[in-house]
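Peer 1: take a look and give me a structure for this.
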Amino acid sequence: MSPTFKSDTVAAPRATAEAQWVEAELVRTLMSTVRSTKLTSMLLVPLYLALLWGETRTVPLALWAVVAILVLGARAQVAHHYVQYFSGAAPQRLLAFYGRVRLLWAASAAVWGATVWLFFDTASLASQFIAWLLLAGIAMFAVNGLASHLQTVRLYVNVLVGFALGWVAWWAVVELRLQGPYYHFWLMALLVLFWQVLHQAAQRLHRTHRRNFELQYRNIQLISSLTRQTQAALDAVEIKNRFLASATHDIRQPVHALGLYADWLANEPELVRELAPKIVESTKAINTLFDSLFDLVRLDSGKIRLQIEDISMTQLFSELEVQYRPVALAKGLEFRMRPASGMVRSDLLLLKRLVGNLVSNAIKYTERGGVLVAVRHRAGKPCIEVWDTGVGIAPVHQRDIFREFYKVPIHAGTEDGFGLGLYIVGRLSHILGHPVELASRVGRGTMFRVLLKPTDADEAASRASTAIDQLARRP
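Peer 2: The predicted structure follows:
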């Protein structure tokens, strides 16, 4: 489980991410409303023209209609641009786009608010009444459609009602010098009241929108957290499965060798003195492999200390021969080993497992010919080479064979394996600091070379820790 931090430096980015996501979703809601209502907005322009034509000044009315069409057209173009480039954009990019076009809604409100200048006290009372009803409908319609974004709806309402109230006040106070009918003042009072009602309605609707999206964001985060926890549990099961598969893979060879020795002894009892030591050695090899497997599990969990020491090459080859010679001979393969005297600094169990997996694979994928395990020197450093005359590995697969559970297609023998042998080789090679090289020709055979660079205990422990972290982060 991840640790819980109380520092504001951790909480702040999360809060910022939530606020930004919620704000972006509010903008998406507003833009979807604008797209669905643009036709209605366009139809209002000819409706106002039909209502006021002949009852007010023709030139100002025509000029207003042109400006209204231009502003509404610009809004339609913005909506189209949003659909093409920003409907699925990241929150930060979407908010930056909306910040550039937000004033268009203020311009639209100014257009509708300016209609009061056209009809107030110039058109007939019936036309004025209808015009005021249309203006109130536009205001309420705008509140309903724009309430998802509080700053926008406030700006729209302020501009629309501000223009209307401003012109009525100008007409009553400046033009008529307070000598006009009393309903002018009642109208101003009603506009102020209507202004407050619009603000309160917008506030309530916006609060509902915001709470819905905040809840949606937190639900998404909760689902994501539950998904990560479920994946962590599945990963724990997968680690257990990998261990069981690895154990099956590695124990098969010494058990097979032990069975062969037992069969020979049953058929030829007189060979007891010769075979008994080999049976004992094979049994020891099985025990050693068990120890090695459990060590690897502790290595994956970060609970093992590598035993870096000077290893006798002669001892290493002797143990490998006891384990793998009978398996090769049972397949009718020639098995040759060319050891060399000297010492190498590494971890005996892990190095033997690394080379042993290469030998095991060589035997498994070779049907005729043989396997050679030899010590060579390159640039003054010893290396172990494992040669076989098997099926070979095509270049297209050579990079993938060190992946976990990877099996080369159409290779004979892959059906009874787990694809772990070379994966283990790759991990051990990285931890011990013994690079592995590969050369292969399809149908001719394969050569793996382990460069025995001296293992530094501290560096090996660091590489092991890094490997554990990568394994834990793996999806």
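Peer 1: how is the protein divided into domains?
Peer 2: 8-180, 247-473 (automatic domain parsing).
Peer 1: mind checking how far residue 433 is from residue 48?
Peer 2: As judged by Cβ to Cβ, to the nearest Å, residue 433 and residue 48 stand 83 Å apart. To be clear about C-beta, it is placed using only N, CA and C from the backbone, and glycine gets the same treatment.
Peer 1: can you redo the domains of the chain as CSV with mean pLDDT?
Peer 2: Output for the domains of the chain, formatted as CSV (pLDDT from 0 to 100):
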stretch, mean pLDDT
domain 8-180, 87
domain 247-473, 79
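Peer 1: as CSV, those domains with distance to residue 229 and mean neighbour count would be great.
Peer 2: Output for these, formatted as CSV (distance: least, Cβ to Cβ, whole Å; neighbours: other Cβ atoms under 10 Å):
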stretch, distance to residue 229, mean neighbour count
domain 8-180, 18, 17
domain 247-473, 14, 17
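Peer 1: of all the ones you listed, which one is nearest residue 192?
Peer 2: Closest approach to residue 192 among those (Cβ to Cβ): domain 8-180, 6.9 Å.
Peer 1: so how far is that closest one off the chain centroid?
Peer 2: 40 Å (Cα atoms, centre = their mean, to the nearest Å).
Peer 1: kindly report the same for stretch 200-217.
Peer 2: So, by Cα atoms, centre = their mean, the centroid of stretch 200-217 is 29 Å from its chain's centroid.
Peer 1: over to stretch 265-282?
Peer 2: The answer for stretch 265-282 is 58 Å, by Cα atoms, centre = their mean.
Peer 1: what's the spacing between the closest residue to residue 214 other than its chain neighbours and residue 31?
Peer 2: Nearest non-adjacent residue to residue 214, counting by Cβ to Cβ, 6 or more residues apart in numbering: residue 22, 5.6 Å away. Applying Cβ to Cβ, the value for residue 22 to residue 31 is 15 Å.
Peer 1: same check, this time on residue 197
Peer 2: In terms of Cβ to Cβ, residue 197 sits 26 Å off from residue 31.
Peer 1: who does the strand or helix carrying residue 190 touch, helix- and strand-wise?
Peer 2: Using DSSP states H and E, residue 190 maps to helix 183-267. Packing partners of helix 183-267 (3 or more Cβ pairs under 8 Å, 6 or more residues apart in numbering; DSSP states H and E): helix 8-52, helix 125-146, helix 150-170, helix 272-300, helix 313-330, helix 348-364, helix 421-432.
Peer 1: in JSON lines: these, plus distance to residue 211.
Peer 2: Below are the helices and strands packed on helix 183-267 laid out as JSON lines (distance: least, Cβ to Cβ, whole Å):
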{"stretch": "helix 8-52", "distance to residue 211": "10"}
{"stretch": "helix 125-146", "distance to residue 211": "17"}
{"stretch": "helix 150-170", "distance to residue 211": "13"}
{"stretch": "helix 272-300", "distance to residue 211": "46"}
{"stretch": "helix 313-330", "distance to residue 211": "68"}
{"stretch": "helix 348-364", "distance to residue 211": "58"}
{"stretch": "helix 421-432", "distance to residue 211": "50"}
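Peer 1: and residue 388, which of these is closest to it?
Peer 2: Closest to residue 388 of the helices and strands packed on helix 183-267 is helix 348-364 (Cβ to Cβ; 3.7 Å).
Peer 1: mind giving me the packing neighbours of that closest one?
Peer 2: helix 183-267, helix 272-300, strand 308-312, helix 313-330, strand 370-378, strand 381-388, helix 421-432, strand 445-451.
Peer 1: and the angle for that helix with strand 370-378?
Peer 2: Computed by axes from the mean of the first three to the mean of the last three Cα atoms, to 10 degrees, the angle separating helix 348-364 from strand 370-378 equals 130 degrees.
Peer 1: quick one: contacts for the residue nearest to residue 214?
Peer 2: 210, 213, 214, 217 (Cβ atoms under 8 Å, 6 or more residues apart in numbering).
Peer 1: now with 10 Å?
Peer 2: 91, 209, 210, 211, 212, 213, 214, 215, 216, 217 (Cβ atoms under 10 Å, 6 or more residues apart in numbering).
Peer 1: quick check: the farthest pair among these?
Peer 2: By the measure Cβ to Cβ, 91 and 211 form the most distant pair in the contacts of residue 22, at 18.1 Å.
Peer 1: residue 169: what's its closest spatial neighbour, skipping adjacent residues?
Peer 2: residue 188 (6.0 Å).
Peer 1: list the contacts of the one you found.
Peer 2: 164, 165, 168, 169, 172, 173.
Peer 1: do residue 77 as well
Peer 2: Residue 77 makes contact with 101, 104, according to Cβ under 10 Å, 6+ apart.
Peer 1: helix or strand for it, just tell me which one.
Peer 2: Short version, using DSSP H and E: residue 77 is in helix 58-81.
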